[in-house]
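**Student:** Any chance you could fold what I've pasted below:
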Amino acid sequence: MDTPATGLTFRDATDADVDALVALVESAYRGDSSRAGWTTEADILDGQRTDPEGVLEVIKSPDCVLLTVELDGRIVACCQLEHRGDHAYFGMFAVSPALQGGGVGKAVLAEAERRCRRTWGVREMHMTVISVREDLIAWYERRGYRRTGRTSPFPYGDERFGIPRRADLEFELLVKKLG
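**Tutor:** Below you'll find the predicted structure:
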């Protein structure tokens, strides 16, 4: 079966992409639109996932790339890559809910890892995932990431990261050695 992942193009985000990227990230994680895909956080968080200022900050940062993924000229996925010394950080990952489950996320993650190895020469990719997101953590584990058991607190009270619907949220660090 041919998947949407075969026609993807990758590029660095620009200032002109900010509104489209905010809309993409919000659609993948918040509200009823996010329920069309499997990455929704609608049951654990209300409010926003990101905002134009946060996206622009990533685009402008000299140590970051906001990898933008297009299909037929339309932005369908993105991820943040940040150079942090001996490793890279992977964040702000979003795939359009209508395309989830079709191989797009897998292709984006593979391209992100390849770029971080090539551009920065790093040997590890780090990411943090909300620890109650067992399905998402399992997806990353199938792609070679391992749970470290190292956690950091969820920023309760900072609505830039959402409004929690439960009191047990924290981030867990996942790590993958890069070839």
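
**Student:** Now tell me what touches stretch 62-77 from outside.
**Tutor:** Stretch 62-77 is contacted by residues 4, 7-13, 17, 20-21, 24, 55, 58-59, 78-84, 92-96, 99, 104-105, 108, 111-112, 115, 119 when judged by C-beta atoms under 8 Å, 6 or more residues apart in numbering. Bear in mind the C-beta positions are built from the backbone N, C-alpha and C, glycine included.

**Student:** hmm, 7 Å instead?
**Tutor:** 4, 7-13, 17, 20-21, 24, 55, 58-59, 78-83, 92, 94-96, 99, 104, 108, 112 (C-beta atoms under 7 Å, 6 or more residues apart in numbering).

**Student:** So which of the residues you listed belong to strands?
**Tutor:** 8-12, 78-83, 92, 94-95 (DSSP state E).

**Student:** Stretch 162-175 spans what distance, first to last residue?
**Tutor:** 24 Å (C-alpha to C-alpha, to the nearest Å).

**Student:** these two touch, right, Arg147 and Leu173?
**Tutor:** No: using C-beta atoms under 7 Å, Arg147 makes no contact with Leu173, being 8.1 Å away.

**Student:** Just want to know which of these two has more residues nearby.
**Tutor:** Leu173 (17 against 14; other C-beta atoms under 10 Å).

**Student:** Wasn't that one part of a helix?
**Tutor:** No: the assignment for Leu173, made by DSSP: H, G, I helix; E, B strand; the rest coil, is strand rather than a helix.

**Student:** so it bridges to which residues?
**Tutor:** Beta-bridge pairing for Leu173 (DSSP bridges): Thr128.
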